[in-house]
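Novice: Here is the input, now give the coordinates:
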Amino acid sequence: MRPAALDWSVENCTIGRAMEILGEKWTLVVLREVFSGIRRFDDMRVRTQIPRQVLTNRLAVLVERGVLRREPYREPGSRVRHEYRLTEMGLDLWPVLVAVLGWGDRYLADPDGAPLSVGHRDCGGEVRVELRCDQGHLVDQPRDVIPRPGPAARPQST
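Specialist: Residues are numbered from 1 along each chain as shown. Predicted structure coming up:
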């Protein structure tokens, strides 16, 4: 049986568009660092071992695409440098990182467990990502989700 998804174009797919920004190997690592409070280039380099040019390019793309913004700072006696801060668009990626962290913890953690956890600032409880439909139902099985054409779906041209 032919999948119905083949009838619809993926030209304007927002997953594809998001992956143009997020799909490079180091992007989520850079975002992890900024979410963890590591905002300066040299600190990111030391902590992650990302090659200098790769980090420069990743930060430039994230700034250009509106995920991060550059803020100037100056250490006494030094030239002006920049640190990187999350924009609203960047902050909205937090659930994505938490989901990737949860997946990694489930399938890729060391035998001793995960090296990072995320907690709720107010109560200290562990934070995890849940799927809910707009009617409020918890969706805990992937097979309970049905991809379907959205309002901007375009028929596949033949």
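Novice: Could you list the single helix or strand in the protein with the lowest mean pLDDT?
Specialist: Here the helix or strand of the chain ranked lowest by mean pLDDT, DSSP states H and E is helix 14-22, holding a mean of 91.
Novice: For that one, list the C-alpha coordinates in PDB.
Specialist: Extracted in PDB, the C-alpha atoms of helix 14-22 (Å, rounded to 0.1, in the frame of the first residue of the first chain):
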ATOM      1  CA  THR A  14       9.300  23.100   9.100                       C
ATOM      2  CA  ILE A  15      11.300  20.100  10.300                       C
ATOM      3  CA  GLY A  16      13.600  20.500   7.300                       C
ATOM      4  CA  ARG A  17      13.800  24.200   7.900                       C
ATOM      5  CA  ALA A  18      14.700  23.700  11.600                       C
ATOM      6  CA  MET A  19      17.400  21.200  10.600                       C
ATOM      7  CA  GLU A  20      19.000  23.700   8.400                       C
ATOM      8  CA  ILE A  21      19.700  25.600  11.600                       C
ATOM      9  CA  LEU A  22      20.100  22.800  14.100                       C
END
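Novice: roughly how far is it from the heart of the chain?
Specialist: Remark: helix 14-22 is offset 10 Å from the chain centroid, using C-alpha atoms, centre = their mean, to the nearest Å.
Novice: Repeat that for stretch 51-70.
Specialist: Centre to centre, stretch against its chain (C-alpha atoms, centre = their mean), the figure for stretch 51-70 is 14 Å.
Novice: List the buried residues of that stretch.
Specialist: Leu55, Arg58, Leu59, Val61, Leu62, Val63, Val67, Leu68 (16 or more other C-beta atoms under 10 Å). Yep, even glycine has a C-beta here, placed from its N, CA and C like the rest.
Novice: which residues touch the third one?
Specialist: Counting by C-beta atoms under 8 Å, 6 or more residues apart in numbering, Leu59 makes contact with Val30, Phe41, Leu68, Tyr84.
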